[in-house]
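*Asks:* What follows is a protein structure lacking sequence information:
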């Protein structure tokens with residue numbers, strides 16, 4: 001067995017310590033298993049996505065960049081690193097809400113889209129919801145978040161809370177550990 005080399009010194013006034021292994025030590029070391037996951041990324045610029053149900057346009061979104069990411073292991077997802085701007089449409093075909101954010105990721109397998117960083121939603125009543133994260137569940141047709149969500153009502157009322165949940169149109173909502181001054185009718189959030 002070869003002796004090991006140790007060195008202790010000072011560099012820029014700070015102590016440092018170096019050690020080296022002998023040849024026998026390297027032979028005894030366990031090999032490190034390397035699991036490589038590769039990603040293929042297809043980038044599209046200036047994307048417009050239309051969401052429709054029963055031949056009716058319900059939402060139209062724009063993203064400056066959309067990457068379709070296909071990992072060698074795991075599920076495919078779409079990433080919008082420069083954010084999105086989505087308009088929601090009522091049955092008459094007019095815009096009745098809007099969502100903007102600085103980043104979004106849609107997970108195909110889960111049927112969920114996560115909107116992150118400076119998320120702001122406006123509903124048809126003029127209420128504004130803001131958070132650092134909102135998640136849209138396509139199957140349950142709800143938005144939810146465990147992050148703090150701030151609400152500013154069209155009437156000037158303000159509040160915030162965690163464990164937020166709202167239907168897709170943000171016509172009502174619920175949250176826990178709330179605080180603020182919100183006008184409520186019959187114990188139901190506007």
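*Replies:* Good, I have the coordinates. As the structure is a prediction and not an experimental result, all values here were calculated from the model.
*Asks:* In contact with residue 83, which residues?
*Replies:* Taking C-beta atoms under 8 Å, 6 or more residues apart in numbering as the criterion, residue 83 is in contact with 63-64, 100-104, 117. For every residue, glycine as well, the C-beta is placed using N, CA and C.
*Asks:* So which of these is the closest to residue 145?
*Replies:* Proximity of these to residue 145 (C-beta to C-beta) peaks at residue 101, which lies at 12.0 Å.
*Asks:* In terms of pLDDT, where does residue 143 sit?
*Replies:* What the model reports as pLDDT for residue 143 is 96.
*Asks:* and it, how many neighbours?
*Replies:* Using other C-beta atoms under 10 Å, residue 143 has 25 neighbouring residues.
*Asks:* Okay, and it sits in which element?
*Replies:* strand 142-145 (DSSP states H and E).
*Asks:* Quick check: next helix or strand after that strand?
*Replies:* Proceeding N to C from strand 142-145, the next assigned helix or strand is strand 149-152, under DSSP H and E.
*Asks:* Just the buried residues of that next one, please?
*Replies:* The neighbour-count check on strand 149-152 (16 or more other C-beta atoms under 10 Å) flags 149, 151-152 as buried.
*Asks:* circling back to that earlier point, buried set for the strand holding residue 143?
*Replies:* By neighbour count with 16+ other C-beta under 10 Å, strand 142-145 contains the buried residues 143-145.
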